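Undergrad: Fold the following.
(chains A and B)
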2 protein chains.
Amino acid sequence: MSRLPAVWKRLSSTFTSRPAPPKTHHHAPILDSTFPKGYVLNGVHCGVKKTGALDLAVILSGTPASAAACFTRNAFKAAPVVVSEDVLRRSGGKARAIVVNSGCANAVTGKQGMEDAWAMVRATDALVEPSKAGEPQTLVMSTGVIGQTLPISNIISGIQSHSASSSILGSTFAAWEKAAKAFMTTDTFPKLRARTFTVNGKEYRMAGMDKGAGMIHPDMGPPRPSGQLHATLLACIMTDAAVSPRSLQSALTYAVDRSFNSISVDGDMSTNDTIIVLANGAATNGTAQEEIDEERDPRAYEAFRTELTNFAADLAQLVVRDGEGATKFVTVSVEGAATYEDAHRIASRISTSALVKTALYGEDANWGRVLAATGSVPLSTPVDPTRVSVSFVPQDGSPSLPLLVNGEPENVDEVRAKEILSVEDLEIQVQLGIGKESAKYWTCDFSYEYVRINGDYRS
Amino acid sequence: MSRLPAVWKRLSSTFTSRPAPPKTHHHAPILDSTFPKGYVLNGVHCGVKKTGALDLAVILSGTPASAAACFTRNAFKAAPVVVSEDVLRRSGGKARAIVVNSGCANAVTGKQGMEDAWAMVRATDALVEPSKAGEPQTLVMSTGVIGQTLPISNIISGIQSHSASSSILGSTFAAWEKAAKAFMTTDTFPKLRARTFTVNGKEYRMAGMDKGAGMIHPDMGPPRPSGQLHATLLACIMTDAAVSPRSLQSALTYAVDRSFNSISVDGDMSTNDTIIVLANGAATNGTAQEEIDEERDPRAYEAFRTELTNFAADLAQLVVRDGEGATKFVTVSVEGAATYEDAHRIASRISTSALVKTALYGEDANWGRVLAATGSVPLSTPVDPTRVSVSFVPQDGSPSLPLLVNGEPENVDEVRAKEILSVEDLEIQVQLGIGKESAKYWTCDFSYEYVRINGDYRS
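TA: Residues are numbered from 1 along each chain as shown, chains lettered A, B, ... in the order given. Okay, the predicted model is just below:
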């Protein structure tokens, strides 16, 4: 076959992957005292994962907590999403517990899936005092393969092993870490963060964990009155501040738009994406604490919302750092747009472009692909090509590298470009020169490893 | 580093590619008599490509032809797109020639780029009789790297070598083939088709060529009154039917929506996408031919539009078959939608899903990913999960394989699934069960080879 084009000859060859930097440093011990008060939790292996890895997390609050959540807008909502929405509606924004399994998403599982999700709620409810009106108090999340039913008896046994008498629940770093590990699917490290913050001179704590490495392009909104929705990004954040349920929901909705809804690994929205926040007011050890509420004290509310947004952005970025096959962590900043939505839409398009992502993997300063992606988005105010500038911004504080200035290509210093592209962290900055609005998105590159992971996920 | 997760250990390994089937059989000789009358053409190497491959095509019509075009909707319109739009406006939908270079897109090249594109038009205009009012008669297309200026003196010399005295222009298969080869960039075979068709009992011919392997997710519309637009899918179709300029444009706009605007290789829209149609009325050898026109004879117009749509779909599918790194050719059919737009939007989303495309490369019957993609699209009428069915339809006439029926997963015969997935051609059929509208999209899989091609395109 001497007429076979050169590209075909290459096809039977092998590809040597540029190895990604190890990411284990993104997980490190946290002081026990940094975790919010009033929560006990644990992670165990109950038998969903064949590997014997942790696959069930139980998180309990000592008292009923305000609860808020955002769920995927996918039309094929997994059973745990439908059930958690229902629990929040019935409880009026209150919850005592969260139960999470990994290894099976309980999505597209019909009536059996709904029964299983409810069974998880009831088994976890039995670990805490019954609520006054008998309404459910547990929010449930599942992640893993779609279209398979849960090994529900294993899961129920696993939940029951957390009874008060067993005392396997804890509040130390080790307990939080086990819970975080039980969230993991293709994640390469557990994603756990905690911090102390101050509102109105009072000190509170916030801790959270999340998971996700693939099927990551969330678009989550607050619960809807009736179920037509769905989420595989899972996150939960616990705080010992007291926040009214209504204000907790509005703060979360704002925070999610600027964190989890601004990340992409592969551009695919899951049927299970869920983020839950609990606020139990335990910071003051039983002393009555005035609830943070938007109407009563807008300044305190805004301070809390800022804390929550920054914390959620930290957690969301961990997911991108651990993106399937990712070797780069890339911040896409779009500035000078007419509206936040325009900026967000362009940032999202650049972050999902296969050509941009493969160029990042190849460490190639191919700004033409950034520009083509920018130009392909329909906007409220059209882009004027003569006003657009594109730069690479290194994250070490060294000077940024202009690639295009007011629509004219720069004479790029390719050595400097290679240098900037050779490290893990990079920012692509697009200045539209139209208005004053901006948005950030976080994404990763597209590697051979991504294809490998997703070419034989089920086998 | 014994605590390094298993996935990291794999990262430094190599990946063995599943070789794609050879595609040279998609290019075969065509009888000289099948090509439309009244066109002469050629392809030469003028010096844009460093490899010495053909990089300049010239196509001339013996008489002024009706001309219509669709251009990319990207905001960063390449110079040849801006110029071709302008030529069409000035000439009132008439043209005598098309000139095409590959190897350099002349995109984001500022004023120099505009001057170069006009220089190509003028040099080609000089090969034919001047028009009565002196307006330009040549449409221009470029494809290749963005942000570099053309080696314009080489190109002008190349165009001038086609003067009448040189007689290097021809009308045989060999001439058409050379022109088609001069379109190629990362294409692995020239894309050339011709056919004979009948409207109102009269016989006509149509021939066309196109190129494209990456940055393929066109969204093209008719020319706009003023320039705010842009396209790297290039196609031209020549017919010896006589069609009024107005009807040629409306037929092309309809055809492009159902062909070139329904294909995706990587989901990235180019700055140069252009499709041009010429209709010179030469079928009758100088005898006056009544123009096909929508108002005068709607039935003849519809017959012509159907021919053009089918022909354009054939050409568009060739681009997907040759998609960068592609080993599969996949038809995505969405049926039972409330509107054509809803069906088209879902088909587009499935066709661009990285998870669906890597599963196809892995020959994995992962219908959950098809469903997640389906559910992520905002629609005029929301999807009802209990009415949705998904099947794999083999293209050899053997029975299709239901994966999901009315929202319930089937007990899939994995052996049969593997069998269907192991061949190059496959149809994914999604039935929404809401309305009567449907749309088709054509896409390919995502392979190691795709990452390799695009990770070091410029080097």
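
Undergrad: Identify the residue nearest residue A:148 in space, chain neighbours excluded?
TA: Here the nearest residue to residue A:148 in space, its sequence neighbours aside, is residue A:104; by Cβ to Cβ, 6 or more residues apart in numbering or on different chains that works out to 5.5 Å. All C-beta atoms are positioned from the backbone trio N, CA, C, and that covers glycine.

Undergrad: Report the buried residues of stretch A:134-152.
TA: A:136-148, A:150-152 (16 or more other Cβ atoms under 10 Å in any protein chain shown).

Undergrad: cool, and stretch A:63-82?
TA: Buried-residue list, stretch A:63-82, by 16+ other Cβ under 10 Å: A:64-82.

Undergrad: Quick check: which of those residues are also close to chain B?
TA: Filtering the buried residues of stretch A:63-82 for proximity to chain B by Cβ under 8 Å from any Cβ of the partner chain leaves A:73, A:74, A:75, A:76, A:77.

Undergrad: Taking the residues you listed together, which two end up most distant?
TA: A:73 and A:76 (10.8 Å; Cβ to Cβ).

Undergrad: re earlier: now, the buried residues of stretch A:63-82 that are in helices?
TA: A:79, A:80, A:81, A:82 (DSSP state H).

Undergrad: Just the pLDDT for residue A:7.
TA: With respect to pLDDT, residue A:7 has a value of 37.

Undergrad: do the same with residue A:221
TA: 75.

Undergrad: so where's the stretch 351-459 of chain A shaky on pLDDT?
TA: A:456-459 (pLDDT under 70).

Undergrad: how about the helices of it, start to end?
TA: A:354-361, A:367-375, A:414-422, A:448-455 (DSSP state H, counting those that start in this stretch).

Undergrad: Same check on the stretch 51-200 of chain A?
TA: So, for the stretch 51-200 of chain A - with DSSP H, counting those that start in this stretch - the helices run A:79-91, A:110-125, A:152-160, A:173-182.

Undergrad: Work out the gap between the longest one and the centre of the chain.
TA: This means helix A:110-125. Helix A:110-125 sits 24 Å away from the centroid of its parent chain (Cα atoms, centre = their mean, to the nearest Å).

Undergrad: Please export the C-alpha coordinates of that helix as PDB.
TA: C-alpha atoms of helix A:110-125 as PDB (Å, rounded to 0.1, in the frame of the first residue of the first chain):
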ATOM      1  CA  GLY A 110     -37.000   3.900  36.900                       C
ATOM      2  CA  LYS A 111     -39.300   3.100  39.800                       C
ATOM      3  CA  GLN A 112     -36.700   0.900  41.500                       C
ATOM      4  CA  GLY A 113     -34.300   3.800  41.500                       C
ATOM      5  CA  MET A 114     -36.800   6.000  43.300                       C
ATOM      6  CA  GLU A 115     -37.500   3.300  45.900                       C
ATOM      7  CA  ASP A 116     -33.800   2.800  46.500                       C
ATOM      8  CA  ALA A 117     -33.100   6.500  47.000                       C
ATOM      9  CA  TRP A 118     -36.000   6.800  49.400                       C
ATOM     10  CA  ALA A 119     -34.700   3.700  51.300                       C
ATOM     11  CA  MET A 120     -31.400   5.500  51.700                       C
ATOM     12  CA  VAL A 121     -33.200   8.500  53.100                       C
ATOM     13  CA  ARG A 122     -35.200   6.500  55.600                       C
ATOM     14  CA  ALA A 123     -32.200   4.400  56.800                       C
ATOM     15  CA  THR A 124     -30.200   7.600  57.400                       C
ATOM     16  CA  ASP A 125     -33.200   9.300  59.100                       C
END
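
Undergrad: pLDDT below threshold where in chain A?
TA: Ranges of chain A meeting pLDDT under 70: A:1-18, A:224-231, A:285-289, A:456-459.

Undergrad: What's the biggest helix in it, counting residues?
TA: Assigned via DSSP H, chain A shows its longest helix as helix A:298-321.

Undergrad: and it, what does it pack onto?
TA: On a contact count with 3 or more Cβ pairs under 8 Å, 6 or more residues apart in numbering or on different chains; DSSP states H and E, helix A:298-321 meets strand A:191-199, strand A:202-211, strand A:234-239, helix A:245-257, strand A:263-264, strand A:329-337, strand A:437-444.
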